[in-house]
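>>> can't give you the sequence, but here's the structure:
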Ligand SMILES: [Zn+2]
């Protein structure tokens, strides 16, 4: 399962950033997940809850913010979104666009209990 390996990666990343003595104090891991990233937030949360038990991060939880898929159109200079995740401007139909947000996942914050 895709989300299971992502959950494992998140745990590894947090362990890289947080000193070992503080692992048990990690309270929340803030994530931003793009709606076109291909990651199912609920499924990721489920996998994380299932595997954290066997890790030093068992006191932590994921806090997920969903980021909308947004495009910027080079022709009409507007920022639009479309529900299909295709890179076509929703206003003028132009394909000369670039993706502003919504296709990736980021860990934005790791919160420790003090
Ligand atoms: Zn446009």
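That came through, no problem. Everything numeric in this text was worked out from a predicted model, so none of it was measured.

>>> for this structure, what's the longest helix?
If you go by DSSP state H, the chain has its longest helix at helix 2-17.

>>> and the next helix or strand past that one?
strand 26-34 (DSSP states H and E).

>>> run the chain-centre distance for that following strand.
7 Å (C-alpha atoms, centre = their mean, to the nearest Å).

>>> likewise stretch 64-77?
16 Å.

>>> please apply the same query to stretch 81-95.
With C-alpha atoms, centre = their mean, you get 22 Å for stretch 81-95.

>>> cool, and stretch 9-28?
With C-alpha atoms, centre = their mean, you get 17 Å for stretch 9-28.

>>> what's the first-to-last distance across that stretch?
16 Å (C-alpha to C-alpha, to the nearest Å).

>>> quick one: buried residues of it?
Neighbour-count burial for stretch 9-28, counted by 16 or more other C-beta atoms under 10 Å, picks out 10, 11, 14, 18, 23, 26. Any C-beta I mention is one placed from the backbone N, CA and C, and that applies to glycine too.

>>> alright, that wraps it up for me.
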